[in-house]
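Curious how this folds, go ahead:
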Amino acid sequence: MKVTLAPLPRFIRLRLASRIDSIHTMKGRHIARLALRDIIRRDLPPINMVNEQYAIAMTDEAKSQADTAFKGLNPLYHTFNTLHGLVERFNHLPDFTPEDVELLAQDIAIYMRSVLSEVHETVETQSDRKYAGYLYTEAAVLARLFFLTPPSWTKYCRGALFIDEATTGISKMLDDRYWHRNLKKYATRWREHLHIAFGDVKRGAAPYCSKHHVDEWDARRKRSRAIMARLELEDQDTKERISLIEQIDKSISNPALRRVELMTRIGGFEKVATESGYAGQFFTLTAPSKYHAYTVFGHRNAKWNGASPRATQRYLNRVWQKIRAELARREIPVFGLRVAESHHDGTPHWHGLLFSLPEHSAELLEVMEDYATREDAEELQGKHGNQPRFDMKPIDQEIGSATGYVVKYISKNIDGYALDGETDDESGRPLKETSKHATAWASCWGIRQFQFLGGAPVSVWRELRRFRNQEQADKINPLFAELHRAADAGDWQQYTQLQGGALVARRDLPLRIWYQQKDEPNDYGEYLDLIKGLVMPAVHIPPIETRLHTYRIVRKKPEVLDDSGQAVDFDFDLRGASAPSRTRVNNCTEVKKHTKSGGDNSPPVEPEQYEIGQMTREQKKRLNESLRNFKPERQKSPADVFESLASAITASDCDEVDQARAENYMKVAAAIRNEVPTRKNSTVKPVPLTESLKYQLSAWGIKSELDIHALRCGAALSFGDQMVYLKGGYLVEKTKASYCRARNCNAELTPDDKAFGNEGLCLACTAKLIGTAAIKQRRDDAEQRQKAERKQENDALLGRLKVALINRGLHGKVS
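Sure thing, here's the model as predicted:
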């Protein structure tokens, strides 16, 4: 029995062994052997089928490049004994604790660094492009060995990967936090898939996902809320603080608000459809039987192909892509909503609401039924026909509205609102209970539960609702004012119509999201795009900024109580430092800081109180001794940590894998120590002078060797009102800040100040000299000039368009 069950994950192996031992005790050895044979025949094949999808295929004796798992890895860079040990640990991920997963992520990242250091020594003389390409290729091959899709892998396969994208990808693959996030997600899905194969996810056990995952998900959610309750958001400009957890509860992260927003949108869609003469159809789309682990009665499905819920969701997405393409070819416009929910065994299926013109209803049914039943069509020959796979029926207004058809599916997949006393059709459990399972299921498999088809984007709607000044909106633009009024009133119908209707293309939207790149890169060197507001591309007005504040997450200030137990608010920040004394001398010694081992909740040690001028002889001796013996704590070098780890491994008997691991730790420590003198003794290291940089410098006319060297070392060069400096290997242009020259002002000059104010003065100071009427006249003159220039541009564009039309008429195409 032990030999048979040994390859299985530990949590399954223990349960099977316990079952067989119980049968052996109660019914004897012969019945126990029959039970083991039944397990081998019935339970092991689906479990092995799942493990084959996730585990790295290895043989006991395969510890060299000859093994197929290491195919494509260059033996010049890799230590295969070490890699074999990492693979063995990877194959035990379903049994790992969170700490084990984190340690594995750290070790893979350390091994990746040692490999790339070997590659660096080989190719460091190559050009920048080839150098980045070699490093990325070796890192990507190693990442794919552990079933991790490398960053920007699609672009790399197409040969369209830029150097900065390759650098970002390499930085991610070297980071243990990046590996930890991906390994944690991989381990969770692997274990949950094993629970499905073993029978822990079905009616009679746990619907949608296993009890183990629901408990972990719920505990993680409560733990996260407890942490966020101790944090605040601090405005970086005003230093004003607001509760983080309150802001989260005001967003769509709150299930109740998410449900309300979904109902508002689908209600608005229904009004748009009614106004436009569209008819509604409700459909259900299910995957073929081979995607289901268990039948509707809870029995094991012999046809199951081992597909995970995520794989089944990909199948449904592919079917819908084909349906959408066919509808586009036939020019049948549709819009609506689809809801992805789980069967009792975790397999997803779709419910949806589609609106189309009445004359297209029959053709829509024909197209959807054709594509939904193409795969394994032979299994649909029974008395139910295609209904087990696909069903569509028109909305009957006498029974209920279109919103009424989907309200139950929305509520049961979020929070179970207004479903008291109702039970799930498949599992028989209360919908209030299964709603938690549904959310945990979607979180585990990364499945998007609700998706609107067509219509205006909800992100613009949310930004409009953030902009709470209707009076200012009226001044910006009439269309913007009406859009803001509709969003503020929660009128999705009016908002959709103003944006161009339910079938508007994204390129034709009059109001869109305005993104702005962050000034500082993240840990991987990426400059991320952040939502800053809204923009109207067709109208010549500046973007409308809706996010006026920049916040950072900080800990809550400690609450101080007075003698009566009431909270006392001080006008200074209690962050561990002593408060300012009321006299010139602070008569208290500083509180000794706790180390990390004590934790944040360690009770502070009460310091001995001294009064200057009234100390005893013993107190003076203790104070002098403490001052004389005080030594600041030396910061520990990362190299020391790696060397101590290596020493701990080699201190006792260790095998070849541990020995190789210790050698890698020593390599990393040596590399860190070699970098330290360079960092301490050298000045700023100039940026390499690449061919691309030379081209940029020549384009700017920068030829002086001194100027070029200064730029490469981080300096900025001035060109009139502009400054030029190097950022990420590229020349960046920035306007120099200038300030008002008026006495007692010194305000930074804005573009409006420079355009309409007196030279060197802001608009406020200019108005004091020449009056607001003169400034208004300057604005009007500038607007007239812009209109004249725009008219000239339009006339020239029309001229080119006429020529193009004539050429198309003559030659059959635009030249």
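
wait, doesn't Val141 sit right on Leu73?
Yes: under the criterion of CB atoms under 8 Å, Val141 makes contact with Leu73 at 6.2 Å. The way it works is simple: take the backbone N, C-alpha and C, and place the C-beta from them, glycine included.

burial measure for the nearest residue to Leu763 once chain neighbours are set aside, as a count.
Spatial nearest neighbour of Leu763, chain neighbours left out: Gly757 (4.9 Å); criterion: CB to CB, 6 or more residues apart in numbering. When neighbours are defined as other CB atoms under 10 Å, Gly757 has 22 of them.

I'd like the numbering to begin with 7 instead of 1 from here.
New numbering, starting at 7: the last item is Gly763.

any idea how far Gly763 is from Glu795?
For Gly763, the distance to Glu795 (CB to CB, to the nearest Å) stands at 22 Å.

swap in Leu717?
35 Å.

Looking at these two, which one has more neighbours?
Neighbours per residue (other CB under 10 Å) separate Leu717 from Glu795, with Leu717 holding more: 23 against 10.

Could you confirm the more buried one falls within a helix?
Yes: assignment of Leu717 by DSSP: H, G, I helix; E, B strand; the rest coil places it within a helix.

Verify the stated contact: it with Leu732.
Yes: using CB under 8 Å, Leu717 is in contact with Leu732, at 5.4 Å.

joint contacts of these two?
Val693 (CB atoms under 8 Å, 6 or more residues apart in numbering).

Following the chain onward from the helix or strand harbouring Leu189, which element is next?
Secondary-structure assignment from DSSP states H and E places Leu189 in helix 182-204. As assigned by DSSP H and E, the chain's next helix or strand after helix 182-204 is helix 217-235.

C-alpha coordinates for that following helix, CSV please?
Taking C-alpha atoms only, helix 217-235 is exported to CSV below (Å, rounded to 0.1, in the frame of the first residue of the first chain):
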residue,chain,number,x,y,z
LYS,A,217,-13.9,23.6,1.9
HIS,A,218,-10.1,23.9,2.4
HIS,A,219,-9.9,26.7,-0.2
VAL,A,220,-13.0,28.5,1.1
ASP,A,221,-11.6,28.5,4.6
GLU,A,222,-8.2,29.7,3.5
TRP,A,223,-9.8,32.4,1.3
ASP,A,224,-12.1,33.6,4.0
ALA,A,225,-9.3,33.7,6.6
ARG,A,226,-7.0,35.6,4.2
ARG,A,227,-9.8,38.1,3.5
LYS,A,228,-10.4,38.7,7.2
ARG,A,229,-6.7,39.0,7.8
SER,A,230,-6.4,41.6,5.0
ARG,A,231,-9.2,43.6,6.4
ALA,A,232,-7.7,43.5,9.9
ILE,A,233,-4.4,44.8,8.4
MET,A,234,-6.1,47.5,6.4
ALA,A,235,-8.1,48.7,9.4
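
now that helix and helix 182-204, what's the angle there?
150 degrees (axes from the mean of the first three to the mean of the last three CA atoms, to 10 degrees).

Which residues does helix 217-235 contact?
Taking CB under 8 Å, 6+ apart as the rule, helix 217-235 contacts 194, 197-198, 201, 206, 211-212, 250-251, 254, 442-443, 445-446, 449-450.

Quick one: buried ones out of those residues?
194, 197-198, 201, 206, 211-212, 250-251, 442-443, 445-446, 449-450 (16 or more other CB atoms under 10 Å).

Would you check which pair of these lies furthest apart?
Taking CB to CB, the two most distant members of the buried ones among the contacts of helix 217-235 are Ala211 and Leu250; they sit 37.6 Å apart.

quick one: least confident helix or strand in this protein?
strand 573-574 (a mean of 54; mean pLDDT, DSSP states H and E).

where does the nearest residue to Asp351 once chain neighbours are set aside fall, phi/psi-wise?
The shortest distance from Asp351 to any non-neighbouring residue, by CB to CB, 6+ apart, is to Tyr300 (4.2 Å). The phi and psi values for Tyr300, taken as degrees, to the nearest 10, are phi -140, psi 150.
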